[in-house]
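# Sequence first, then the predicted structure, then my questions.
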2 protein chains.
Amino acid sequence: MGARGQLTREAILATARVRAAGFGLHGLSIGALAKALDMSKSGLYAHFASKEALQLAVIDTAAAQFTDEVVTPALKTARGEARVRAVFDGWCAWLMRQETPGCLFIAAASELDDQPGPVRDHVVGHQRDLIDFLERVVGTATANGDFRADLDLAQFAFELHGLILAFHHDTRLLVDSNARERVQRGFDRLVADANAA
Amino acid sequence: MGARGQLTREAILATARVRAAGFGLHGLSIGALAKALDMSKSGLYAHFASKEALQLAVIDTAAAQFTDEVVTPALKTARGEARVRAVFDGWCAWLMRQETPGCLFIAAASELDDQPGPVRDHVVGHQRDLIDFLERVVGTATANGDFRADLDLAQFAFELHGLILAFHHDTRLLVDSNARERVQRGFDRLVADANAA
């Protein structure tokens, strides 16, 4: 694909992502998307062979952006509690960024939980990767002695994920200005319970 | 409205709710719904004057069911920690019930967070009611001495909500059989931190 084709592909994905955040992944009709982009349907099909191919690409784009903006910077910090805090801070900042059209994964998780198929499987795969990543980061803190050695990594990751979901809900749906402080207090309590005695 | 009209209205709402859980509230087209119910569009309009009226009614139906199945039974238990636990247990059971087509409110919260309008306002109103209810129930536990007097009720409600959201995610999307035990451990830690010294 030439540079121009690559740019078109990126423009399609950017528009598709905004639409998916607003209307769900199933709402990504090739027809409506072609209209929004002022392209022909056949022009759009030249980039994505099917609605499903487009849905999978949108999911991968959102995951890659999360990796760039949250995962990679956190991996550059020191192993241990500092890195756990970097993940938390980066994740909150990611959700607060107003140009991001809601979190595609949180929306997709609700949309797809009862709809078996390749798109759901793809989202599940990314979410498992995310949870594995969280557990590995928390594991650096048990390994270096910041957190107690018998800490249940999966339990910590579960509770951290819950705090993030409540924060997303309160800040984006309720527009509650206390949400950032609340999630910080919950996180600090979680870390304090995990700290080595 | 006669008894037959009432039954039709209930059938429309039940079908609409399943569709809303799968395709989002915006996916409630009068045309598609009429087709699914084998009714004429004009027959459906006789019950709901607009798509928006239907969306609002679906939201209210789900909220009323939550009240019947979670709120009302909890209010029959003793005030204090027992009642907080009854809310938690009932809420988890509600989310695990396989006949419920996902949680409409969790899906709607993600779908609508960036879409201003009456439907979003309606969901926000119900979510605020839910959080107020949680805070009041936790308040019965600070009032009777089960929980410490200086407990931040809003903080407790925020963290409880987060645990529930993580549980919903892991049990429905990931189909993780450990989710019920994880949410219980998180809840028990939250309660232990709240208990009077």
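Noted; the coordinates are in hand. Since the structure is predicted, the reported quantities are computational estimates derived from the model, not experimental observations.
# got the residue ranges for the helices in chain A?
A:3-23, A:30-36, A:41-45, A:51-66, A:72-75, A:81-96, A:104-112, A:118-143, A:153-168, A:179-194 (DSSP state H).
# Adding distance to B:E10 and mean pLDDT, write the ones you listed out as CSV.
All C-beta atoms are positioned from the backbone trio N, CA, C, and that covers glycine. Below are the helices of chain A laid out as CSV (distance: least, C-beta to C-beta, whole Å; pLDDT from 0 to 100):
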stretch, distance to B:E10, mean pLDDT
helix A:3-23, 28, 84
helix A:30-36, 33, 89
helix A:41-45, 40, 91
helix A:51-66, 34, 93
helix A:72-75, 50, 98
helix A:81-96, 38, 96
helix A:104-112, 25, 81
helix A:118-143, 30, 96
helix A:153-168, 32, 97
helix A:179-194, 37, 97
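# looking at these, which is closest to B:V70?
helix A:153-168 (17.9 Å; C-beta to C-beta).
# helices or strands up against that closest one?
helix A:81-96, helix A:118-143, helix A:179-194, helix B:153-168, helix B:179-194 (3 or more C-beta pairs under 8 Å, 6 or more residues apart in numbering or on different chains; DSSP states H and E).
# just to revisit the earlier point, could I get the helices of chain A as a markdown table with mean neighbour count?
Shown next, in a markdown table, are the helices of chain A (neighbours: other C-beta atoms under 10 Å in any protein chain shown):
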| stretch | mean neighbour count |
| --- | --- |
| helix A:3-23 | 17 |
| helix A:30-36 | 15 |
| helix A:41-45 | 14 |
| helix A:51-66 | 18 |
| helix A:72-75 | 16 |
| helix A:81-96 | 19 |
| helix A:104-112 | 25 |
| helix A:118-143 | 18 |
| helix A:153-168 | 24 |
| helix A:179-194 | 18 |
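# Reformat these as TSV; add distance to B:L165.
Shown next, in TSV, are the helices of chain A (distance: least, C-beta to C-beta, whole Å):
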stretch	distance to B:L165
helix A:3-23	18
helix A:30-36	30
helix A:41-45	35
helix A:51-66	18
helix A:72-75	22
helix A:81-96	13
helix A:104-112	9
helix A:118-143	13
helix A:153-168	4
helix A:179-194	12
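# With respect to B:I106, which of those lies nearest?
Closest of the helices of chain A to B:I106 is helix A:104-112, at 5.2 Å (criterion: C-beta to C-beta).
# Quick one: list the elements packing against that closest one.
Judged by 3+ C-beta pairs under 8 Å, 6+ apart, the packing partners of helix A:104-112 are helix A:3-23, helix A:51-66, helix A:118-143, helix B:104-112.
# Show me what it is in contact with.
With contact meaning C-beta atoms under 8 Å, 6 or more residues apart in numbering or on different chains, helix A:104-112 is reached by A:17, A:20-21, A:24-26, A:58-59, A:62-63, A:66, A:119-120, A:123, A:126-127, A:130, A:165, A:168, B:22, B:24, B:102-103, B:106-107, B:110-111, B:169, B:173.
# residues in contact with the nearest residue to A:Y45 once chain neighbours are set aside?
Take A:Y45 and drop its neighbours on the chain: the residue closest to it by C-beta to C-beta, 6 or more residues apart in numbering or on different chains is A:I30, 6.8 Å away. By C-beta under 8 Å, 6+ apart, the contact list for A:I30 reads A:K41, A:L44, A:Y45, A:F48, A:K51, A:L54.
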